[in-house]
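Novice: Got a predicted structure plus its sequence, pasted below:
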Amino acid sequence: IHLREIKASWLFNDLRAGQYRHYDKIVSINGQYCYLSGCKLQKGNFLIIVSFNRPQEAREGYAERWQIEMCFKAMKSSGFDIERTHLTDFERIEKLVLLVILAFVWCYKVGIYLHQNVRSIKIKKHGRRARTLFKPVCRQAGTGSTILPTACSTH
């Protein structure tokens, strides 16, 4: 079998900004067989998604994983700033994480309500929101509310 080496971005170079497709053939990356999907981003960069089955579902799976990553980011550093506590006692960490998760879900639900009933968040050309559902709640809480005052980092 003759294998040739190419850049993944070459497979998706003909796409327009915001356009997405999955590559139908199996490829080998470092000896691991997988599928590639790609999207050309607004500034000419590429988002390349590696999947091991069902390449037609790769985009949805990536979107779900990205939501989880943003949740952890909000909890750890850019929202609730849980890392600044420097807690080491397991029981205290467990209680704090539980409270932060509850507060996060509350902020997210309020963000959904605000988006649907008060002021919708602008959708950008690539189809994603201009900001998270979480941020409007942070902005609102920062206008004098005493609910979750540390949940609204300016990062």
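Specialist: Looks like it came in fine.
Novice: what comes up buried for the longest helix along the chain?
Specialist: Assignment by DSSP state H gives helix 90-113 as the longest helix of the chain. By neighbour count on 16 or more other CB atoms under 10 Å, the buried set for helix 90-113 is L96, V100, A103, F104, C107, Y108, V110, G111. All C-beta atoms are positioned from the backbone trio N, CA, C, and that covers glycine.
Novice: helix, strand or coil for the residue nearest the centre of the chain?
Specialist: By CA atoms, centre = their mean, the chain has its centre lying nearest to W66, at 3.0 Å. In three-state terms, and counting by DSSP: H, G, I helix; E, B strand; the rest coil, W66 is helix.
Novice: What lies in contact with stretch 18-28?
Specialist: For stretch 18-28, the external contacting residues (CB atoms under 8 Å, 6 or more residues apart in numbering) are 3, 11-12, 15, 33-42, 55-56, 58-59, 125-127.
Novice: L15 is in contact with L41, isn't it?
Specialist: No - if you go by CB atoms under 8 Å, L15 and L41 don't touch, sitting 9.9 Å apart.
Novice: Looking at those two, which is more packed in?
Specialist: L15 (16 against 13; other CB atoms under 10 Å).
Novice: quick one: pLDDT of that one?
Specialist: At L15, the pLDDT value in this model is 90.
Novice: List the contacts of it.
Specialist: L15 neighbours (CB under 8 Å, 6+ apart): R21, G38, C39, K40.
Novice: For W10, give me the backbone phi and psi.
Specialist: Taking degrees, to the nearest 10, you get phi -60, psi -30 for the backbone angles of W10.
Novice: what about it, how many neighbours?
Specialist: Other residues near W10 number 10, with proximity taken as other CB under 10 Å.
Novice: which ones are touching it?
Specialist: Counted by CB under 8 Å, 6+ apart, W10 has zero contacts.
Novice: swap in the one 3 residues further on?
Specialist: For N13, the residues meeting the contact criterion (CB under 8 Å, 6+ apart) are K40.
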